[in-house]
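Visitor: build me a model from this:
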Amino acid sequence: MTFFRKDEKLQTLGDRILAATWSEFPSLAQNQIALTWLVYDPPVFVNTGGAISPNEFWKQSVRGFGYRGVERIYPASVVKLFYLVAAHEWLEKGMIQTSNEFERAMRDMIVDSSNDATSLVMDILTGTTSGPELPAAPFETWKQQRNIVNRYFQGLGWSELTTVNLNQKTWCDGAYGRERAFVGDTFENRNMLTTDASARLLHSIIGGVAVSAARSQTMMNLMQRSLTPIDLRADRDNQVTGFLGEGLPQSAHLWSKAGLTSHVRHDAAYVELSDLQPYLLVVFTEGKPHSTNEAILPFVSQQVVEAMNVL
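Guide: Coordinates of the predicted model:
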């Protein structure tokens with residue numbers, strides 16, 4: 001049971017979007033894309049500054065469409081949204097204290113998708129550090145500590161989170177030492193997410209119910225992306241070009257977090273368009289050469305915008 005309700009019209013439009021995508025990119029296999037799409041019909045209850053209580057928020061019905069939304073996929077930097085929520089939860093509960101460096105790391109983790117910043121955030125969240133391999137007993141303690149983020153999200157009781165794994169740092173060149181041992185010989189312990197799980201977390205942030213209304217707004221501020229060409233040209237790693245934001249009209253408002261490696265290209269976005277319902281869209285794509293194809297996600301995004309005009 002997903003947190004959104006299936007809708008016949010969205011099913012028809014979603015199928016059409018996927019068919020158009022496979023027609024445009026015939027080498028993209030049907031098991032190399034996953035998608036979750038939510039539409040917020042009036043009265044819109046998200047991006048309200050936390051005007052609705054968590055209990056009331058989760059009672060609200062939102063219609064959606066999913067394709068392979070429960071498939072476990074390596075999330076790349078989309079996982080950083082989960083670490084951001086965990087960081088604000090820890091701060092809210094007084095489990096950790098903030099500092100200029102921690103605030104800078106949280107910002108750079110989302111705004112610039114910095115892996116170095118994410119490393120510090122994970123160190124502070126879990127009380128673990130990277131380094132040489134450890135003897136067996138200390139390593140067991142270290143692994144228990146590193147899994148605190150997993151335990152927090154499992155404790156939310158969301159069915160979408162039952163199969164995810166959220167205990168690894170993100171890397172540029174790869175893990176070494178105890179981090180390489182922790183991810184497993186065949187990378188069996190690497191981070192794994194689904195588009196449904198990512199959509200529900202983003203849904204909670206824009207709904208103002210992730211940790212608190214004020215902290216949700218702080219998180220949204222970090223996720224807001226400029227679509228102005230001059231801003232995009234000034235930042236080559238802008239998380240818009242080659243991602244869902246590129247397929248939007250310049251007048252749109254976008255909050256997003258992208259993920260990219262040599263094997264995956266993902267994006268999780270909340271979009272507001274003039275005179276249309278706002279919507280949430282998470283798209284994961286896998287496999288070479290699709291991960292280097294900067295046209296797929298913008299094409300999907302354009303198709304969704306056209307579908308929103310039909311709605």
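
Visitor: name the SS class of residue 42, please.
Guide: Using DSSP: H, G, I helix; E, B strand; the rest coil, the structure places residue 42 in coil.

Visitor: which residues touch it?
Guide: For residue 42, the contact set (Cβ atoms under 8 Å, 6 or more residues apart in numbering) comprises residue 277. Heads up, the C-betas are built off the backbone N, CA and C, glycines and all.

Visitor: and with 7 Å instead?
Guide: With contacts defined as Cβ atoms under 7 Å, 6 or more residues apart in numbering, residue 42 has no neighbours.

Visitor: gap between it and residue 278?
Guide: Look at residue 42 and residue 278: by Cβ to Cβ, to the nearest Å, they are 10 Å apart.

Visitor: what's the weakest-modelled helix or strand in the protein?
Guide: Ranked by mean pLDDT, DSSP states H and E, the weakest helix or strand in the chain is helix 229-234, scoring a mean of 94.

Visitor: residues in contact with it?
Guide: Contacts for helix 229-234 (Cβ under 7 Å, 6+ apart): 238, 240-241.

Visitor: which SSE is immediately downstream of it?
Guide: Proceeding N to C from helix 229-234, the next assigned helix or strand is strand 253-260, under DSSP states H and E.

Visitor: tell me which residues of that following strand are tucked away?
Guide: 254-260 (16 or more other Cβ atoms under 10 Å).

Visitor: biggest separation within those, which pair?
Guide: Taking Cβ to Cβ as the measure, the buried residues of strand 253-260 reach their widest spread between 255 and 260, a distance of 18.0 Å.

Visitor: spatially central residue for the chain, please.
Guide: residue 78 (3.8 Å; Cα atoms, centre = their mean).

Visitor: so how far is residue 54 from the nearest residue to that one once chain neighbours are set aside?
Guide: Using Cβ to Cβ, 6 or more residues apart in numbering and skipping the chain neighbours, the partner closest in space to residue 78 is residue 259 (4.1 Å). Residue 259 sits at a distance of 27 Å from residue 54 (criterion: Cβ to Cβ).

Visitor: nothing else from me, thank you.
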